[in-house]
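>>> Okay, predicted coordinates and the sequence, questions at the end:
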Amino acid sequence: MPQCRICKSSYEPFISFGQMPIANGFIRPEEFSKEYFFELATGFCSKCNMVQLIDQPNRDMMFHENYAFFSSTSAYMQQHFKEFAELIMNEIGQKANPFVMEIGSNDGIMLQNFAKAKIRHLGIEPSANVAKIAFDNGVNTISEFFDENLARKIMAEYGQADAITAANVMCHIPTIHSVVEGFRILLKPNGIIMFEDPYLGDIVENTLYDQIYDEHVFLFSVASIGYLFGEHGLEIVDVMPQITHGGSMRYVIAHKGAGKISQRVIEQREKEKRLGLHLPETYVQFRKNIENSRDRLVELLTSIKKQGKRVVGYAATSKSTTINNYCGITAELVEYISDTTPIKHGKFSPGTHIPVKPYKDFCDNYPDYALLYAYNHAREIMAKEQKFMAAGGKWITYVPKVGVLG
Ligand code: SAH
Ligand code: TMP
Ligand code: ZN
């Protein structure tokens, strides 16, 4: 039986999605024969409440100089991180010469706000291509993986931080104890940590099983984050639900005893109990909901195809890799996937090899249906695609239920 990465207890997988490729591993035909696959399976540890992958590919296979995810492709996320940065600036506003650190800073989507405000900052971003974009835009960035050792080096060079932040990266790091210990070392006695990740409560409630893929080694809850940070003398002082990525949670953390614990933390913990996030049977039901969602989606796509209609995928997200491979969606069902990221064009989706084409192809020849892989950007996309809908175009969705919109 696998051992929990947080508390070392044994736990059991509750679902296997079968063989999966690297979610962001967009690939050329000459590389098909050596494509890497691993078994994507997830389990729940009932001692510390962490939901986690049984196996995760080596980090160098996911984060490197050709990393395909560029944070700034979404205008909505740019606004989201501007507001997040303003919240942090408010927190540290009174301090003399404050210092802010971010891990997983990608193309600088968050830290550019601190750079513009001339606030001392440092981004840690191992994927060299996206780190370079940030650096070239005046965001102080080093291209390394953050861990306790790096924290000690940063401490020697920059001193402790007033604020440490992270978004959609804590859940990527299997050796998370080392990261949290690094935070403890680097955080000033009255400093704050603010980070956010997709939230287990939303994932279970809305069957967002596509949040399970190689990079997401953990699905966090207030209970599991409280346990993890508690092991390092840190505690959650506030939580702020977010609508990003289909439902996320922002955690505010301080040294134990340094801050007042908000009523919201207590209420969210109670809500998690009501949802049964601490009970193994919840995950048995989650598995059944996932299987049901898959069967409905395959049925819908197959029947639309039988009517001779054209279906195109909208946005080659990392999450779509789980959907395509688990549901067996190939170019037979989805003609191609339209995406705005140049690095993905001319390549094929991981595993089931659907061609990825520029957004222009979509605009030039609207399909009958668009399968909305980027449901987390639905609002931005719907606003942009009035013409597609006016031309009779319809959306296929699987969140929170499989169906057709428009
Ligand atoms: N914060 C951005 C990017 C999220 S993608 C956003 O929310 O849009 C996750 C990023 O974390 C990737 O750019 C990846 O290269 C980086 N990353 C992965 N492991 C890391 C580690 N150990 N330390 C710092 N960054 C890491
Ligand atoms: P994400 O869901 O992981 O944030 O990935 C977003 C992907 O969706 C990225 O490859 C860019 C793409 N995208 C589009 O193609 N069109 C859009 O309008 C938006 C918002 C995203
Ligand atoms: Zn555990």
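Alright, I've got the coordinates. Ligands and ions are numbered 1, 2, ... in the order given.

>>> Does ligand 1 have contacts with stretch 171-182?
Yes. Using CB under 6 Å from any ligand atom, we find that stretch 171-182 touches ligand 1 at 172-173. (Each C-beta comes from the backbone N, C-alpha and C, glycine too.)

>>> first vs last residue of that stretch, how far apart are they?
For stretch 171-182, the first-to-last residue distance is 16 Å (CA to CA, to the nearest Å).

>>> what does that stretch contact?
Outside stretch 171-182, the residues that touch it by CB atoms under 8 Å, 6 or more residues apart in numbering are 5-6, 56, 59, 62, 103-104, 146-152, 170, 197-198, 215-220, 228-229, 231-232, 234.

>>> Just the buried ones from the residues you listed?
Among the contacts of stretch 171-182, those classed as buried by 16 or more other CB atoms under 10 Å are 5-6, 56, 59, 62, 103-104, 146-148, 150-151, 170, 197-198, 215-220, 228-229, 232, 234.

>>> mind listing which of the residues you listed are in helices?
59, 62, 148, 150-151, 228-229 (DSSP state H).

>>> Report the central residue of the protein.
residue 168 (4.6 Å; CA atoms, centre = their mean).

>>> For that residue, give me its contacts.
Residue 168 makes contact with 104, 196-198, 245, 248, according to CB under 8 Å, 6+ apart.

>>> Please apply the same query to residue 352.
324-325, 328-331.

>>> same thing but 10 Å
Each residue near residue 352 by CB atoms under 10 Å, 6 or more residues apart in numbering is listed here: 21, 320-321, 323-334.

>>> Would you list the buried entries among those residues?
Neighbour counting by 16+ other CB under 10 Å classes 21, 320-321, 323-327, 329, 333-334 among these as buried.

>>> now, which of those residues sits nearest residue 286?
When these are compared for distance to residue 286 (CB to CB), residue 326 comes out closest, at 13.9 Å.

>>> before we move on, could you check phi and psi at the closest residue to that closest one other than its chain neighbours?
Closest residue in space to residue 326, ignoring its immediate chain neighbours: residue 17 at 4.8 Å, by CB to CB, 6 or more residues apart in numbering. When read as degrees, to the nearest 10, the backbone of residue 17 gives phi -90, psi 0.

>>> can you tell me how far residue 17 sits from ligand 2?
18 Å (CB to the nearest ligand atom, to the nearest Å).

>>> Likewise for residue 151?
If you measure residue 151 against ligand 2 using CB to the nearest ligand atom, the figure is 27 Å.

>>> Please give the number of neighbouring residues around whichever residue of the stretch 51-200 of the chain sits closest to ligand 3.
The minimum distance from the stretch 51-200 of the chain to ligand 3, using CB to the ion, falls at residue 52 (8.2 Å). The local packing of residue 52 (other CB atoms under 10 Å) involves 25 other residues.

>>> how many other residues sit next to the residue nearest to residue 326?
For residue 17, the count of nearby residues is 18 (other CB under 10 Å).

>>> contacting residues around it?
Going by CB under 10 Å, 6+ apart, residue 17 touches 39-42, 209, 212-213, 290, 294, 322, 325-327.

>>> likewise residue 126?
When contacts are counted by CB under 10 Å, 6+ apart, residue 126 touches 59-60, 62-65, 67, 103-104, 142-146, 169.

>>> Filter the contacts of residue 17 down to the ones in helices?
Filtering those for helices - DSSP H - leaves 290, 294, 322, 325-327.
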